[in-house]
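Visitor: Only the shape, not the letters, is given here:
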């Protein structure tokens, strides 16, 4: 089986030679979708908090931080962020919520606390995913679960998920972190952009305080 998978990996890699590529398979559709949400909303510049290496979300959404503050674990904990109330315009959290060692609702409320009125929280997380300890892995969230956690926010701008069963074959071939070709004819592109709502691998939500 390993030989078979290695040969498939080599074949995939050869097929992508010379092609422009984007994010890897569990980010490709999600980042493209979030980018379109950003274009539709034209988010203004503002003071931005990036939780645990989530800076990329600002670029994806077209947010131009007037100031970018990082809050990386373990120096900072999403359950108790050491910032004053109403001190940020944006809070970004990319694949962090599943690693919170405690009540996820408390983490969401902490994001709400530090946002200014009208401020935006952008978070991505996962649902169908192998255990990945960074340092530990606790939670999984459907789009409905994310919406429920934000039910008291003034507006849910976007909520959704991406995944399909075929994507796991690509992961098993050793291409979990290989950039996906932008060429629409390429089989990897077709798999990365096909969305089956019954098999969400990653989920996301954008909410306004």
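Guide: Perfect, thanks for sending it. Bear in mind the structure is a predicted one, so any value in this text is a computation, not a measurement.

Visitor: ok, residue 134 - contacts?
Guide: residue 99 (C-beta atoms under 8 Å, 6 or more residues apart in numbering). All C-beta atoms are positioned from the backbone trio N, CA, C, and that covers glycine.

Visitor: try residue 37
Guide: With C-beta under 8 Å, 6+ apart as the criterion, the residues that contact residue 37 are 61, 157, 158, 206.

Visitor: got a winner among those for most neighbours?
Guide: Compared across the contacts of residue 37, residue 206 has the highest neighbour count, 24 neighbours, by other C-beta atoms under 10 Å.

Visitor: That one should be in a helix, yeah?
Guide: No. With the criterion set as DSSP: H, G, I helix; E, B strand; the rest coil, the secondary structure at residue 206 is strand rather than a helix.

Visitor: Please list all residues in contact with it.
Guide: Residues in contact with residue 206 (C-beta under 8 Å, 6+ apart) are 34, 37, 61, 120, 121, 122, 156, 157, 158, 159.

Visitor: run the last query once more with 10 Å
Guide: 34, 37-38, 41, 43, 57, 61, 120-124, 146, 150, 155-160 (C-beta atoms under 10 Å, 6 or more residues apart in numbering).

Visitor: again with residue 86
Guide: Going by C-beta under 10 Å, 6+ apart, the list of residues near residue 86 reads 113, 114, 115, 116, 117, 119, 209.

Visitor: Got the phi and psi for it?
Guide: phi 50, psi 50 (degrees, to the nearest 10).

Visitor: Count the neighbours of residue 6 for me.
Guide: Around residue 6 there are 12 residues (other C-beta under 10 Å).

Visitor: thinking again about what came up before, in strands, which of the contacts of residue 206 fall?
Guide: Judged by DSSP state E, the subset of the contacts of residue 206 located in strands is 120, 121, 122, 123, 124, 155, 156, 157, 158, 159, 160.

Visitor: what about the residue nearest to the fourth one when sequence neighbours are not counted, distance to residue 47?
Guide: Taking C-beta to C-beta, 6 or more residues apart in numbering as the measure, residue 123 lies nearest to residue 93, with 4.1 Å between them; neighbours along the chain are not counted. Going from residue 93 to residue 47 by C-beta to C-beta, to the nearest Å gives 16 Å.

Visitor: Strands of the chain, start to end?
Guide: Counting by DSSP E, the strands of the chain are 46-51, 65-71, 88-94, 115-126, 155-162, 202-208.

Visitor: what's the most buried one of these?
Guide: A comparison of the strands of the chain by mean neighbour count, using mean count of other C-beta atoms under 10 Å, puts strand 88-94 on top with a mean of 26.

Visitor: In its sheet, which strands sit next to that one, and in what direction?
Guide: Strand pairing for strand 88-94, using DSSP bridges, gives strand 46-51 (parallel), strand 115-126 (parallel).

Visitor: now the last one, how far from the centre of its chain.
Guide: Think strand 115-126. The gap between the average C-alpha position of strand 115-126 and the chain average comes to 12 Å, counting by C-alpha atoms, centre = their mean, to the nearest Å.

Visitor: repeat for the first one
Guide: Centroid separation for strand 46-51 versus its chain: 15 Å, with C-alpha atoms, centre = their mean.
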